[in-house]
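how would this look folded up:
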Amino acid sequence: MKNCFLWIVCLLATHAVQAQNFTLSGTVADQNTNETLIGASVYVVETKTGAVTNEYGFYSISLPAGTYTLKISYYGFADFTQTVTLDKNMRQNVSMSASTQELKEVVVDGNVPRANIRKPEMSVNKLTVGEIKKMPVVLGEVDVLKSILQLPGVTNAGEGASGFNVRGGAADQNLILLDEATVYNSSHLFGFFSVFNSDVIKDLKLYKGGIPARYGGRVSSVLDIYQKEGNNREFHASGGIGLISSRLLAEGPIKKEKGSFLVAGRASYAHLFLKLADNDNSANFYDLNTKLSYSIDDNNKLFLSGYFGRDNFRISDNFKNSYGNSVLNLRWNHLFSEKLFTNLSMIYSDYYYGLQLDYIGFKWDSGIKNFNLKYDFKHYLSSDFRLFYGLNAIYYDFNPGEITPSGRDSAINARQLEQKYAVEPALYIEAEQSLGKRVTINYGLRYSLFYRMGAQTMNLYANNQPVVFDQALQIYEKADAIGTRSYGRGETIADFNNLEPRASIAFQINDDQSVKASYNRMAQYLHLISNTSSPTPLDVWAPADDYLKPQLLDQFAVGYFRNFKDDAYSLEAEMFYKTLKNRVDYIDGADLIANEAIEQIVLPGKARAYGFELLVRKNKGKLNGWISYTLSRSEQQTPGRNASEPGINNGQWYKTGYDKLHNLAVTASYDLAKKWTLGANFALQSGQPVTYPNGYYEYQGIQIPSYGLRNENRLPAYHHLDVSATYTPRPEKKKGWQSEWVFSVYNLYNRMNSASISFRQNEDTGQNEAVRLSIFGIIPSVTYNFKF
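Have a look, this model is predicted:
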């Protein structure tokens, strides 16, 4: 570790001596709301260099003394041009006004001219909120997670499935951040909707590879979402009324030009219609987003943001289910100088799951909490060299489950599964450097540690193996513990540490094309133990220990990027290959519920994924959109621990539950007239891998199926076409009451996609039969949106 850090320090030393430069710094904000803009381009015409504003709208550029022309641009805003004379360090805050001509760019990477060509950033997609809202969606509810499924390399397990999969990774391998706070469950109503209210989203960025050193803790991707800060100049409100849910947002100044508030709520009410039909079942969700922002002075700013959401599901009075996320984040931005920007965050995240079965007489509560303290530094040493470094520490509190009796006649005894605790500290350093006019590199190192802590009693097993293989039956079974060891509060049960190098490079062939390459190693110390292809609230989060080792990923990617016809068209093509160590898989017959010894039902293995991604975009004109295609493979191998054991699937490579060989997505938006905008999405994916019976045997007159190799079959191909039309009655109106109608049809040609196929014996004929479960057919919807 010391040698790695010394190597980076030596590189930094070469920049210690700089020519006499001055620093131009400041923020870029919306003129109307004073909301800072993330990713705005600040371009210096004379030097053909520039900067991109960070997550808080701040930029910093070092230049020799002289007079320069600045060109600031941002999606949906009129370009701002200004001449500055730099003879000392200067603070230049910029306010931009919304463009009167609506722009139609779909995906924007940075907004610096040729930024997607010049920057070493690759395997990254950014969607604007405006584009997300134009996509047709199920039941009229704008959905962030459904929109990123239109990007290359991103899939899910099908309709109504929770989470998403990136480049053949599992859903638990995605780090999902809302204002820097971890979100553990990203879906409402078991996957029908996402937890993110599109009205409050300010910026969304998905990292699939080349992930910067400042991110850690997951091995597949990072979805980084920031909420709006709120209008600190005047009060405004917006909302929407749909068929099954509605939403409302209010924002305004706490103190004009100094502080602002934002409050947004969203709720579904389909359960009310069930009551009108004398249906005792119920399913609904609600969530609340809040944010307070306050500028103490030019160098200090405070933010307090939060989210609270709940899902409630009930079948008559016998089955009740409640789950959801809660997050809270207090942040302090501080400028030490024109070149040094810092952010200190104190973050709380909580995921709760509750289940009540009155017909059995018990109540079940489980969840995971974490407390995160992080301090990030962004050091703008020169226009050619930027340094980012920081540290953070996360404390985890796992509640595997608490069982309590419900009802007076319950025979259930109260029981608390042992809680688990862990601490995950990390520090990182990252540099972005230009080497001449053609080459830009980003390199860094993250050092992560993990301590599994007591108090807890751990099982001991013969030969340290919690799973044994029965040679006679040729099956894996739970091992019997030969003893236990008790650890006191704060005592270390197991500890790990990993160096995670990251590097990416861009070589600019000319102003319109470049080639890039990246490598990243990442460590994940949490496992989501699941026997389904899509996350469910019943899945169990488990920290790494002596039996569940940390997951370690290495990913390589290369790509070719090109702009055509003055950026009217663009092309991105990438190939990736990644390997993963210590990926666990469950043994046959695994039972996850109320299991205090998860290590007894899983075996360690390895995984790999590789593929090709293509993204072609049309960025200008009345018709714009993109076509994405991914050809990929995702596989896992769980070999036997010795020559006498077969492992899972006889030790052979087998497809993971999220392997999708082909994935095609088409997204389009067309300005038909001033008042009408049309949109369409088409998705086509290979069917999800499954295991079908390959025979059966009879036992006491009952036919019992036998199964072949794991995931050797597939569900039928998944595809659907969605369309929408947005009508704006008064598009020229920019103040007062503004509104629009959104008409959409999900699954236009009524494709009955298979969510699952089960096999059973027909009670009447006695014959075996396959039964397909489909969730959605054609679904029309209408939503009325407004703001004032």
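
Give the rounded mean pLDDT of stretch 230-237.
What stretch 230-237 shows for mean pLDDT is 93.

Quick check: buried residues in it?
230-233, 236 (16 or more other Cβ atoms under 10 Å). Glycine gets a C-beta too; all of them are placed from N, C-alpha and C.

okay, how far is it across that stretch, tip to tip?
11 Å (Cα to Cα, to the nearest Å).

Export the buried residues of stretch 230-237 as a markdown table, with columns for distance to Ser504 and secondary structure.
Listed next are the buried residues of stretch 230-237 as a markdown table, based on distance: Cβ to Cβ, whole Å; DSSP: H, G, I helix; E, B strand; the rest coil:
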| residue | distance to Ser504 | secondary structure |
| --- | --- | --- |
| Gly230 | 35 | coil |
| Asn231 | 37 | coil |
| Asn232 | 37 | coil |
| Arg233 | 39 | coil |
| His236 | 40 | strand |
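
show me where pLDDT drops low in the stretch 151-300 of the chain?
For the stretch 151-300 of the chain, the stretches flagged by pLDDT under 70 are 160, 273-279.

hang on, the earlier thing: of the buried residues of stretch 230-237, which is the nearest to Ile403?
Gly230 (42.8 Å; Cβ to Cβ).

still on that earlier bit, how about the buried residues of stretch 230-237, which pair is most distant?
Asn232 and His236 (11.2 Å).

what sits in contact with each of those two?
33, 252 (Cβ atoms under 8 Å, 6 or more residues apart in numbering).

what's the residue nearest the centre of the chain in contact with, if anything?
Nearest to the mean C-alpha position of the chain, counting by Cα atoms, centre = their mean, stands Leu223 at 3.2 Å. Leu223 sits next to 148, 174-177, 204-207 when contact means Cβ under 8 Å, 6+ apart.

What about the residues you listed, which are in helices?
Ile148 (DSSP state H).

Okay, and the residue nearest to the centre of the chain sits in which element?
strand 221-227 (DSSP states H and E).

Send over that strand as CSV, restricted to the C-alpha atoms.
The C-alpha coordinates for strand 221-227 follow below in CSV (Å, rounded to 0.1, in the frame of the first residue of the first chain):
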residue,chain,number,x,y,z
SER,A,221,-22.4,-0.2,-10.9
VAL,A,222,-23.1,3.1,-9.2
LEU,A,223,-26.4,5.0,-9.7
ASP,A,224,-25.8,8.5,-8.3
ILE,A,225,-28.9,10.7,-7.9
TYR,A,226,-29.1,14.2,-6.5
GLN,A,227,-32.2,16.0,-5.4
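
ok, it: who's next to it in the sheet?
When sheet partners are counted by DSSP bridges, strand 221-227 sits next to strand 174-178 (parallel), strand 201-207 (antiparallel).

Skip the chain neighbours and tell me the closest residue to Gly407.
Gly361 (5.1 Å; Cβ to Cβ, 6 or more residues apart in numbering).

for Ala683, that is, sorry about that
What sits nearest to Ala683 in space, not counting adjacent residues and going by Cβ to Cβ, 6+ apart, is Ala665, at 5.2 Å.

Make sure the one you found is actually in contact with Asn681.
Yes. Ala665 is in contact with Asn681 according to Cβ atoms under 8 Å; the separation is 7.3 Å.

check contacts around the closest residue in space to Ile702 that isn't next to it in sequence.
Excluding its sequence neighbours, the residue lying closest to Ile702 (Cβ to Cβ, 6+ apart) is Gln761, at 7.6 Å. If you count contacts by Cβ under 8 Å, 6+ apart, Gln761 has them with 702-703, 767-769.

Among the residues you listed, which one is most surrounded by other residues?
Neighbour tally across the contacts of Gln761 (other Cβ atoms under 10 Å): the maximum, 15 neighbours, falls on Gln703.

does it count as helix, strand or coil?
Per DSSP: H, G, I helix; E, B strand; the rest coil, the local secondary structure of Gln703 is strand.

same question for stretch 336-348, mean pLDDT?
95.

Output that stretch in PDB, but only the C-alpha positions, please.
C-alpha atoms of stretch 336-348 as PDB (Å, rounded to 0.1, in the frame of the first residue of the first chain):
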ATOM      1  CA  PHE A 336     -10.800  26.600   1.700                       C
ATOM      2  CA  SER A 337      -9.600  28.500  -1.400                       C
ATOM      3  CA  GLU A 338     -10.400  29.100  -5.000                       C
ATOM      4  CA  LYS A 339      -8.700  25.700  -5.700                       C
ATOM      5  CA  LEU A 340      -9.900  23.600  -2.800                       C
ATOM      6  CA  PHE A 341     -13.500  22.600  -2.500                       C
ATOM      7  CA  THR A 342     -14.700  20.300   0.400                       C
ATOM      8  CA  ASN A 343     -17.800  18.500   1.500                       C
ATOM      9  CA  LEU A 344     -18.500  16.900   4.900                       C
ATOM     10  CA  SER A 345     -21.500  14.600   5.100                       C
ATOM     11  CA  MET A 346     -23.200  12.800   8.000                       C
ATOM     12  CA  ILE A 347     -25.600  10.200   6.500                       C
ATOM     13  CA  TYR A 348     -28.200   7.800   8.000                       C
END
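
And the contacts of it?
23-25, 54-56, 58, 60, 62, 89, 91, 180-182, 326-335, 369-381.

Among Ala665 and Asn681, which residue is more densely surrounded?
The neighbour comparison of Ala665 against Asn681 (other Cβ under 10 Å) goes to Asn681, with 24 against 21.

Name the nearest residue to that one, sequence neighbours excluded.
Asp722 is the one closest to Asn681 (Cβ to Cβ, 6+ apart), at 4.6 Å.

Downstream of the helix or strand containing the one you found, the next helix or strand is which one?
Secondary structure assigned from DSSP H and E places Asp722 in strand 718-727. Following strand 718-727 in sequence order, the next helix or strand is strand 738-746 (DSSP H and E).
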